[in-house]
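Participant: Build me a model from this:
(one chain, ligands or ions: 2)
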Amino acid sequence: MDLFADDTRLTPMPIDDGELWFQQRLPLDLAPDEVMRRLLAETGWREEEIQVWGKLHKQPRLSAWHGEASYRYSGKTFHPQPFTALQLHIKQTVERVTGRRFNSVLLNYYRDERDSMGFHADDERELGPEPAIASVSFGAPRTFILKHRHLPKKVQLALGDGCLLLMAGALQKHWLHGINKERTPRGPRINLTFRLIL
Ligand SMILES: O=C(O)CCC(=O)C(=O)O
Ligand SMILES: [Fe+2]
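Facilitator: Ligands and ions are numbered 1, 2, ... in the order given. As a prediction, this is how the structure comes out:
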């Protein structure tokens, strides 16, 4: 007999050239809507600017960097705010479920369907050669798209309220990922990506 309901188990997803693991509902002490409410209120959200072709643009989402290590991204260094108690609880739960260790978290707040994240790989040097990146989502579901760098392959996953996605192995080396803008109205969504900065 199966002792665990499917949504409480971290399950491998079939993918070439890397590892992808998914859990429908991360088992937290608080309901996802309560986590969402608190993350919205307790996070020091910033509207960052990035340079594209020498011009400054506002990122199409709000973000925040918390944890124990600074981070370089798009030529800028981000100094962290300390983990909040709730972020620590989520981090410890993710560490227990995945068996990996993390020391930093990037939070992204997609206010509605017009907010997005361009295709990228989380392959910065300070993450090491085969980083494990644990992504936890709250609020409105959005489509997470993976595109292979060299092959005509695409994987799409609906990331719903309270789910956990673990990217590991050679995934960042061979795939890009992103969240497109949508035409369908979407409510607010928060995503946390836990990382280990070496
Ligand atoms: O919002 C998401 O699901 C993706 C976030 C992401 O790729 C990142 O923070 O690097
Ligand atoms: Fe990413």
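Participant: Specify the local secondary structure of Ile90.
Facilitator: Taking DSSP: H, G, I helix; E, B strand; the rest coil as the rule, one finds Ile90 in the helix state.
Participant: same thing with the one 5 residues further on?
Facilitator: Following three-state DSSP, Glu95 is assigned to helix.
Participant: Leaving out the residues flanking it, which one is nearest to it?
Facilitator: Arg101 (6.0 Å; Cβ to Cβ, 6 or more residues apart in numbering). C-beta here means a position set from N, CA and C on the backbone, and glycine is covered the same way.
Participant: Is that neighbour in contact with Ile197, as I believe?
Facilitator: No: counting by Cβ atoms under 8 Å, Arg101 stays clear of Ile197, with 11.1 Å between them.
Participant: Comparing those two, which residue is more hemmed in?
Facilitator: Applying other Cβ atoms under 10 Å to Arg101 and Ile197 shows that Ile197 carries more neighbours, namely 18 against 11.
Participant: Any figure for the gap between Asp161 and Ala140?
Facilitator: As for Asp161, its distance to Ala140 is 8 Å (criterion: Cβ to Cβ, to the nearest Å).
Participant: repeat for Pro80
Facilitator: In this structure, Pro80 and Ala140 are 27 Å apart, going by Cβ to Cβ.
Participant: what's the answer for Leu127, then?
Facilitator: Taking Cβ to Cβ, one finds Leu127 at 28 Å from Ala140.
Participant: Kindly report the same for Gly162.
Facilitator: Taking Cβ to Cβ, one finds Gly162 at 12 Å from Ala140.
Participant: which residues touch the residue in the chain that ligand 1 sits nearest to?
Facilitator: With Cβ to the nearest ligand atom as the measure, Asn191 is the residue of the chain nearest to ligand 1, at 3.3 Å. Asn191 makes contact with 107-108, 110, 135-138, 159 under the criterion Cβ atoms under 8 Å, 6 or more residues apart in numbering.
Participant: List the strands paired with the helix or strand that it is a member of, with their directions.
Facilitator: Assessed by DSSP states H and E, Asn191 sits inside strand 189-195. The strands that strand 189-195 pairs with in its sheet are strand 104-110 (antiparallel), strand 133-139 (antiparallel) (by DSSP bridges).
Participant: Return the alpha-carbon coordinates of it using PDB.
Facilitator: Taking Å, rounded to 0.1, in the frame of the first residue of the first chain, the C-alpha atoms of strand 189-195 are listed here in PDB:
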ATOM      1  CA  ARG A 189       2.000  35.200  -7.400                       C
ATOM      2  CA  ILE A 190       5.200  34.900  -5.300                       C
ATOM      3  CA  ASN A 191       8.100  32.600  -6.200                       C
ATOM      4  CA  LEU A 192      11.000  31.900  -3.900                       C
ATOM      5  CA  THR A 193      14.200  30.300  -5.400                       C
ATOM      6  CA  PHE A 194      16.500  28.900  -2.700                       C
ATOM      7  CA  ARG A 195      20.100  28.700  -3.700                       C
END
